[in-house]
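Peer 1: Okay, sequence plus prediction incoming.
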Amino acid sequence: MIRGSLYGKLALALFVLLAALGVIYVGLMVASTRLYLQEVNQSLNRELAASIAAEERLIRDNQVNRAALTELFDVLMVVNPAIELYLIDADGRIIGHAAPPEKVVRDRVEIEPIRRFIDEAGDLPIFGDDPRDPSRRKIFSAAPLLYEGRTEGFLYVVLAGENYDSFVELYRTSQILRVFVWIGGVSIALALIAGLVSFNWLTRRLRRLAHMMDTLRRSNFREVPGDVAWPNRRGGDEIDRLGATFEEMSGRIVEQMDALRDADESRRDMVANISHDLRTPLAALQGYIDTLLIKDPALSPEERQRYLEMASKSSMRVGDLIADLFELARLESDQTSAQKEPCALNELVQDVAGKFSLAAEERDIGLRFDIPERAPFVSADVGLIERALENLIDNALKFTGPGGAISLSVEAKDGAVETRVSDTGRGIPEQHLPRIFDRFHRTEDTPEDGRRGTGLGLAIVKRIIDLHGGTLQVASAVGKGTTFRFSLPIADIG
């Protein structure tokens, strides 16, 4: 809608401005043309009053020669109907005229302009009082009426009659004014057209930017607007910089909105998963306790012991899940950071693996080490890296059957120390690999030892490695095994 757009408002403002300038221009042209015509008219007729006074004696013995005055007025009206003839005494009083009595409303005129005109003391035009209108002043020609060397009065000839004061009459009679008015009108029209074209060119980028904003809003912040990148991203004027900034900002907004939607979906999934994972062991725990309460007198010591062990396992499962949830929440908090210090990673790996040696031996799983006696120190939080190693080794034990093997290795490469935890277990199906580090993500396989995890172990490992600025990768093949590897930067210990 043009009227409500920036372009429409600018066009309206330009039109109003040019219209006002046009009115001012016409006013100035009318005033200057009238002034010019008056100057020319007065200059050409400067000697008119003197010539008339020399031909006729209009005052005799302080008496107005009305017959001569009337005859002279009639002749002059035929020659030039734009003049008016008056006789003025030495004090400026009108003592005679040839106009109809009802037309003359003044009984005197100011004498000072008449004296300046006669003495040529001033630039033309010189204006005098108009006997027919107290509010107007007109150009005139004047001459003294002399008799035997003395001034008997003045002949006062008004050069512009009342019919020539309107703009329409002046426009009709002045070709110069008509030319300048047409020049002004054409100039204003051309300026208006040029202004509209310029405004359209200047605001086209703002219209595009507004369209991009509307597109972003209509898409509910799901789509980056525009198929073509904003031009002049590194240069241009303020509008170009604004457009480039909006393009970058809209991309960030879409990414953040997508991240918020994913986080919200993850939150709902997490709540559902927590509810599901807590419901099963809590239901089992409640069932065993209820059984003990109801059937306790009839239960044998062996049955009572079995129910208590099952209740204890369910309680431990609930405790493990809650502990992992609290740990992951703590690790994901913005206030949590790794308390790094120089650490011998080869020794830490051997110490952590020693905790699982008995469990591996009981399940006939071999633990293999490829760890050098000396390795560069890494900058790490010992407690967090220890937890990450425990989760990876425990995960390998769960999915490795009897007769299998778990390999641990440490190797320095490319300014970092890489640690690998490999197993010969059943492997991870390819479709699960992209989400293996998501919270509560599990494959459909049942662990070899029957222990269902909380689904948070690998998510905790990923978060720990991220806090250290390292990288965590996984490679797996079904039926052949899985390898987790992570790298930590070498510590700068001087």
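Peer 2: Okay, I see it.
Peer 1: For this structure, which residue occupies the most central location?
Peer 2: The residue lying closest to the centre of the chain (Cα atoms, centre = their mean) is L242, at 6.2 Å.
Peer 1: Give me the mean pLDDT for stretch 307-326.
Peer 2: When pLDDT is averaged over stretch 307-326, the result is 75.
Peer 1: can you check stretch 416-430 too?
Peer 2: Regarding stretch 416-430, the rounded mean pLDDT is 86.
Peer 1: what about that stretch, how long is it end to end?
Peer 2: 28 Å (Cα to Cα, to the nearest Å).
Peer 1: Buried ones in that stretch, by neighbour count?
Peer 2: In terms of neighbour count (16 or more other Cβ atoms under 10 Å), stretch 416-430 has its buried residues at 416-428. To be clear about C-beta, it is placed using only N, CA and C from the backbone, and glycine gets the same treatment.
Peer 1: now the strands for this protein?
Peer 2: Per DSSP state E, the chain carries strands over the ranges 59-60, 63-64, 84-88, 94-97, 127-130, 133-147, 150-158, 341-343, 366-370, 378-380, 405-413, 416-423, 471-477, 481-489.
Peer 1: Nearest approach to A11 belongs to which of these?
Peer 2: strand 133-147 (41.3 Å; Cβ to Cβ).
Peer 1: how big is the angle separating that closest one from strand 150-158?
Peer 2: Interaxial angle of strand 133-147 relative to strand 150-158 (axes from the mean of the first three to the mean of the last three Cα atoms, to 10 degrees): 140 degrees.
Peer 1: Quick check: buried residues in strand 133-147?
Peer 2: 137-145.
Peer 1: Pairing partners for it, with directions?
Peer 2: Strand 133-147 sits in its sheet next to strand 127-130 (antiparallel), strand 150-158 (antiparallel), going by DSSP bridges.
Peer 1: could those be laid out in CSV, adding mean neighbour count, distance to A475 and mean pLDDT?
Peer 2: As requested, these are exported to CSV (neighbours: other Cβ atoms under 10 Å; distance: least, Cβ to Cβ, whole Å; pLDDT from 0 to 100):
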stretch, mean neighbour count, distance to A475, mean pLDDT
strand 127-130, 21, 106, 90
strand 150-158, 21, 113, 82
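Peer 1: Adding distance to S300, write the strands of the chain out as TSV.
Peer 2: Formatted as TSV, the strands of the chain follow (distance: least, Cβ to Cβ, whole Å):
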stretch	distance to S300
strand 59-60	160
strand 63-64	158
strand 84-88	145
strand 94-97	149
strand 127-130	136
strand 133-147	131
strand 150-158	143
strand 341-343	53
strand 366-370	40
strand 378-380	53
strand 405-413	41
strand 416-423	41
strand 471-477	47
strand 481-489	44
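Peer 1: what about those, which gets the closest to R46?
Peer 2: The nearest among the strands of the chain, by Cβ to Cβ, is strand 133-147 at 6.2 Å.
Peer 1: just how off-centre is that closest one within its chain?
Peer 2: Chain-centre distance of strand 133-147: 69 Å, with Cα atoms, centre = their mean, to the nearest Å.
Peer 1: Could you do stretch 411-423 as well?
Peer 2: Relative to its parent chain, stretch 411-423 has a centroid offset of 49 Å by Cα atoms, centre = their mean.
Peer 1: re the thing from before, quick check: of the buried residues of strand 133-147, which lies closest to G153?
Peer 2: For the buried residues of strand 133-147, the closest approach to G153 (Cβ to Cβ) belongs to L145, at 4.7 Å.
Peer 1: show me where pLDDT drops low in the stretch 351-494 of the chain?
Peer 2: By pLDDT under 70, the weakly predicted segments of the stretch 351-494 of the chain are 439-455, 493-494.
Peer 1: could you pull out the helices for it?
Peer 2: 357-362, 382-398, 457-467 (DSSP state H, counting those that start in this stretch).
Peer 1: right, and those helices - which one's nearest E223?
Peer 2: Evaluated over those, closeness to E223 peaks at helix 457-467, with 29.6 Å, by Cβ to Cβ.
Peer 1: Could you break the protein into its assigned domains?
Peer 2: Here the domain parsing of the chain from automatic domain parsing is 6-181, 238-331, 337-489.
Peer 1: Out of those, which is the most enclosed?
Peer 2: Most buried of these, by mean neighbour count (mean count of other Cβ atoms under 10 Å): domain 337-489, with a mean of 17.
Peer 1: Now find how far off-centre that one is within its chain.
Peer 2: 49 Å.
Peer 1: ok, back up a step: with distance to R252 as added columns, please give the strands paired with strand 133-147 in TSV.
Peer 2: As requested, the strands paired with strand 133-147 are exported to TSV (distance: least, Cβ to Cβ, whole Å):
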stretch	distance to R252
strand 127-130	74
strand 150-158	81
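Peer 1: Could you point out which of those sits nearest G27?
Peer 2: Across these, closest to G27 is strand 127-130 (Cβ to Cβ), at 18.9 Å.
Peer 1: hmm, back to that, got CSV for the helices of the stretch 351-494 of the chain, with distance to M249 too?
Peer 2: Putting the helices of the stretch 351-494 of the chain into CSV (distance: least, Cβ to Cβ, whole Å) gives the following:
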stretch, distance to M249
helix 357-362, 54
helix 382-398, 36
helix 457-467, 26
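Peer 1: and of those, who's closest to Y36?
Peer 2: Y36 sits nearest to helix 457-467 of all the helices of the stretch 351-494 of the chain, at 87.1 Å, using Cβ to Cβ.
Peer 1: hmm, back to that, can you say which of the helices of the stretch 351-494 of the chain is nearest to V474?
Peer 2: Evaluated with Cβ to Cβ, the helices of the stretch 351-494 of the chain place helix 457-467 nearest to V474, the distance being 8.5 Å.
Peer 1: and the angle for the closest one with strand 416-423?
Peer 2: 170 degrees.
Peer 1: For L260, find the nearest of the strands of the chain.
Peer 2: So among the strands of the chain, strand 471-477 is nearest, using Cβ to Cβ, at 24.7 Å.
Peer 1: where do the helices sit along the stretch 151-300 of the chain?
Peer 2: Going by DSSP H, counting those that start in this stretch, the stretch 151-300 of the chain shows helices at 167-173, 175-218, 238-295.
Peer 1: Turn those into CSV, columns for distance to D107 and mean pLDDT.
Peer 2: Below are the helices of the stretch 151-300 of the chain laid out as CSV (distance: least, Cβ to Cβ, whole Å; pLDDT from 0 to 100):
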stretch, distance to D107, mean pLDDT
helix 167-173, 28, 63
helix 175-218, 35, 80
helix 238-295, 70, 74
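Peer 1: Pipe these into CSV and attach distance to R34 per row.
Peer 2: Converted to CSV, those look like this (distance: least, Cβ to Cβ, whole Å):
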stretch, distance to R34
helix 167-173, 6
helix 175-218, 8
helix 238-295, 47
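Peer 1: And the ones you listed: which comes nearest L6?
Peer 2: helix 175-218 (5.6 Å).
Peer 1: quick one on the thing from earlier: tell me the contacts of the residue nearest to the residue nearest to the centre of the chain when sequence neighbours are not counted?
Peer 2: Counting by Cβ to Cβ, 6 or more residues apart in numbering, L209 is the residue found nearest to L242 once chain neighbours are left out, at 6.8 Å. L209 sits next to 239, 242-243, 246 when contact means Cβ atoms under 8 Å, 6 or more residues apart in numbering.
Peer 1: What of D370?
Peer 2: Taking Cβ under 8 Å, 6+ apart, one finds 407-411 in contact with D370.
Peer 1: Between the residues you listed, which sits nearest V478?
Peer 2: The closest of the contacts of D370, once distances to V478 are taken by Cβ to Cβ, is S407, at 18.5 Å.
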